[in-house]
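**Student:** could you look at this predicted model? Sequence included:
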There are 2 protein chains.
Amino acid sequence: MGGIDSELIKDGWFRELSEKSFPGQGLALKVKKVLHHSKSEFQDILVFESATYGNVLVLDGIVQATERDEFAYQEMITHIAMFAHNHPRRVLVIGGGDGGVLREVIKHNCVETATLVEIDKTVINLALKYLPGMACAFGDSKVQVKLQDGFEFLRAAAISPDQKYDIIITDSSDPEGPAEAFFQKEYFELLHNALSEDGIVIAQASENVWLNLDYIRNLIDSAASVFPVAKYCYTTVPTYTSGQLGLVVCAKNPRANVHRAIRKPTAEEQSQLRYYNEQIHSAAFVLPTWAHHKIYKEE
Amino acid sequence: MGGIDSELIKDGWFRELSEKSFPGQGLALKVKKVLHHSKSEFQDILVFESATYGNVLVLDGIVQATERDEFAYQEMITHIAMFAHNHPRRVLVIGGGDGGVLREVIKHNCVETATLVEIDKTVINLALKYLPGMACAFGDSKVQVKLQDGFEFLRAAAISPDQKYDIIITDSSDPEGPAEAFFQKEYFELLHNALSEDGIVIAQASENVWLNLDYIRNLIDSAASVFPVAKYCYTTVPTYTSGQLGLVVCAKNPRANVHRAIRKPTAEEQSQLRYYNEQIHSAAFVLPTWAHHKIYKEE
């Protein structure tokens, strides 16, 4: 095993363990070769080649993406928002330095600009080097990149009405690291302010129904105190602990029906999608009974 | 840590690793105390108290059930079949010695008899001792238990027309151990023969779309060579590797629509269900695009 040692790797296996986020359970991936390990200004960054999941990006000990299954997350966080909107032209991505969400966003021909705000340039550079299949959209003419904290970007921006965003995608890491502010009410207020009237925001919820339902309920409550529509859905990812990750979807228009693909994928669009389809868009919002009751308070 | 040592436990963590079934990835659960470890005539059986998932039953190194999340599997394998049938009276459970499926079956008032055929009495005895919340139905007057190999039971039974089963649930362990025969065409033929005309069979598929799609496609092909309806669906379980487990549902009647709850749960029935509901019944059949194409051959 080459590269720089990481204490997360022992006996040739990477272990994802977090006593705070998922006590008593863990996930292991067999390591072929460490490709990169460093501490940037913002976080601990590990990239390794795994035995069976391709290259893997790990931030602060938590798996962000593997080459084999990344499309499940990138497609769902992107297309649930994009296909729930009638005509998304201006798209903002907060975080997402690996480029995977950008790659999905520009599959929509209606998109005119896609702006990525990423705090950590190291993530972008490492994705370009080690995750080229994800980082393939950085050169696209519709794409702009701002190296800045997403929260500060939204706070500083005096966004004129014609520059508001139709879709904002918060592809942050989990709330314990630099992304902490992305999970609080003030953030939802900033998002609301930056969105056009029919705008939709989608954010990774950092949890799933199996791990911390109280947290999800609070997150939905925060979102619902700002947005008239705030719903939880999920995608399945075998290399995230518990095998799934939640997403929070909010709309500024109270009549928005985010559960459905109100714009259908064209045959050309669908041919580029490996995970998302119209049926799975709606199925992703269907929850087990106990989780539904808890999140929506017996709604 | 008390009890008998198991090589599956190291440094206080149980590891589920299988180079054959899921190479290069693994799942870990923190162990509080080993409650039981033995090799029965049929398999290696481990029961431990985990730090955060309650008591855990492990057969041949593979997690079968934990007290915290077992309802996700037990409810879905049972109620998808039961609510897709108009009036299930006679139910057969093959395997399922932990009793979890039986517990779910007898929640349906229409059931007259529920027969469990389990090869390994040790599993039943250990469930009664360590998983009492699962094993609570063994004393029910509708329940009969036969200590026998399920395959042999079906082969030997000259089942008269009025004794055929409305529902058969194959709650086996994975195909590498004593359950190997449950994943082959001959088994589906025996099931077909034992079912009433509107009968439905559901079987755990041992795999999920993330691990071995070729296997699932072959399994659906085998099932479809015997049954006019053979579909794949899944449930989410955080303590199964990849976080989900597939189920194969077959019907003898070509017009059967197993995707839907054709019988709706009554309010009383629904109040006893923590995972299953009418919406999740249908959502469980919705697959990511690439998996749908692979399993159903671009159907």
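**Tutor:** Perfect, I can see it now.

**Student:** what sits against the residue in chain A that chain B sits nearest to?
**Tutor:** Closest contact between chain A and chain B, by Cβ to the nearest Cβ, is at A:Gly243 (1.2 Å). Every C-beta, even on glycine, is put in place using the N, C-alpha and C of the backbone. Contacts of A:Gly243 were listed using Cβ atoms under 8 Å, 6 or more residues apart in numbering or on different chains, and they are A:Thr236, A:Val237, B:Thr236, B:Val237, B:Pro238, B:Tyr240, B:Ser242, B:Gly243, B:Gln244.

**Student:** beta-bridge partners for A:Val63, please?
**Tutor:** Beta-bridge partners of A:Val63, counted by DSSP bridges, are A:Val58.

**Student:** contact partners for the closest residue to A:Gln74 other than its chain neighbours?
**Tutor:** Excluding the flanking residues, the one nearest A:Gln74 by Cβ to Cβ, 6 or more residues apart in numbering or on different chains is A:Gly100, at 3.7 Å. When the contact criterion is Cβ under 8 Å, 6+ apart, the partners of A:Gly100 are A:Ala65, A:Glu70, A:Phe71, A:Tyr73, A:Gln74, A:Leu131, A:Met134, A:Asp171.

**Student:** among those, which are located in strands?
**Tutor:** Among those, DSSP state E puts A:Ala65, A:Asp171 in strands.

**Student:** between the contacts of A:Gly100, which is nearest B:His281?
**Tutor:** Taking Cβ to Cβ as the measure, B:His281 lies nearest A:Tyr73 of the contacts of A:Gly100, at 25.6 Å.

**Student:** what about the closest one, how many residues nearby?
**Tutor:** 26 (other Cβ atoms under 10 Å in any protein chain shown).

**Student:** surely it is in contact with A:Thr235?
**Tutor:** Yes. Under the criterion of Cβ atoms under 8 Å, A:Tyr73 lies in contact with A:Thr235, with a separation of 5.8 Å.

**Student:** report the residue ranges of every domain in chain A.
**Tutor:** The domain map for chain A lists A:9-66, A:69-296, with the assignment taken from the TED database.

**Student:** let's have those domains in JSON lines, adding mean pLDDT.
**Tutor:** Written out in JSON lines, the entries for the domains of chain A read as follows (pLDDT from 0 to 100):
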{"stretch": "domain A:9-66", "mean pLDDT": "94"}
{"stretch": "domain A:69-296", "mean pLDDT": "93"}
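
**Student:** show me where the stretch 51-200 of chain A has helices.
**Tutor:** Using DSSP state H, counting those that start in this stretch, the helices of the stretch 51-200 of chain A run over A:70-83, A:100-105, A:121-130, A:150-156, A:185-194.

**Student:** ok, back up a step: now for A:Tyr73 and A:Thr235: what residues contact both?
**Tutor:** Shared contacts of A:Tyr73 and A:Thr235 (Cβ under 8 Å, 6+ apart): A:Leu245.

**Student:** before we move on, back to that, separation between the residue nearest to A:Gln74 and A:Leu273?
**Tutor:** 13 Å (Cβ to Cβ, to the nearest Å).

**Student:** also A:Val34?
**Tutor:** 32 Å.

**Student:** one more: A:Thr170?
**Tutor:** Distance of A:Thr170 to A:Leu273, given as Cβ to Cβ: 21 Å.

**Student:** quick one: which of the two has more around it?
**Tutor:** Neighbour tally, A:Thr170 and A:Leu273, criterion other Cβ under 10 Å: the higher count belongs to A:Thr170, 25 against 20.

**Student:** the more buried one bridge partners, please.
**Tutor:** Counting by DSSP bridges, A:Thr170 is bridged to A:Ile94, A:Ala203.

**Student:** now swap in A:Lys39 and tell me
**Tutor:** Listed beta-bridge partners, A:Lys39: A:Asp44 (assigned using DSSP bridges).

**Student:** how many neighbours does it have?
**Tutor:** Neighbourhood size, A:Lys39 [other Cβ under 10 Å]: 11.

**Student:** just A:Arg89 next, same as before
**Tutor:** Neighbours of A:Arg89 using other Cβ under 10 Å come to 14.

**Student:** for the closest residue to A:Ile169 other than its chain neighbours, what are its contacts?
**Tutor:** Counting by Cβ to Cβ, 6+ apart, A:Val93 is the residue found nearest to A:Ile169 once chain neighbours are left out, at 4.9 Å. Residues near A:Val93 by Cβ under 8 Å, 6+ apart: A:Val101, A:Leu102, A:Val105, A:Ala114, A:Thr115, A:Leu116, A:Val117, A:Ile168, A:Ile169, A:Asp171.

**Student:** got a quick PyMOL command for the buried subset of those residues?
**Tutor:** Burial among the contacts of A:Val93 is assessed by 16 or more other Cβ atoms under 10 Å in any protein chain shown; the matching PyMOL selection reads:
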select buried, chain A and resi 101+102+105+114+115+116+117+168+169+171
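
**Student:** and A:Gly150, what does it touch?
**Tutor:** Residues touching A:Gly150, when contacts are defined by Cβ under 8 Å, 6+ apart, comprise A:Ile94, A:Gly95, A:Val117, A:Glu118, A:Ile119, A:Thr170, A:Ser172, A:Phe182.

**Student:** for the fourth one, which residues make a bridge with it?
**Tutor:** In other words, A:Glu118. Per DSSP bridges, the residues bridged to A:Glu118 are A:Leu147.
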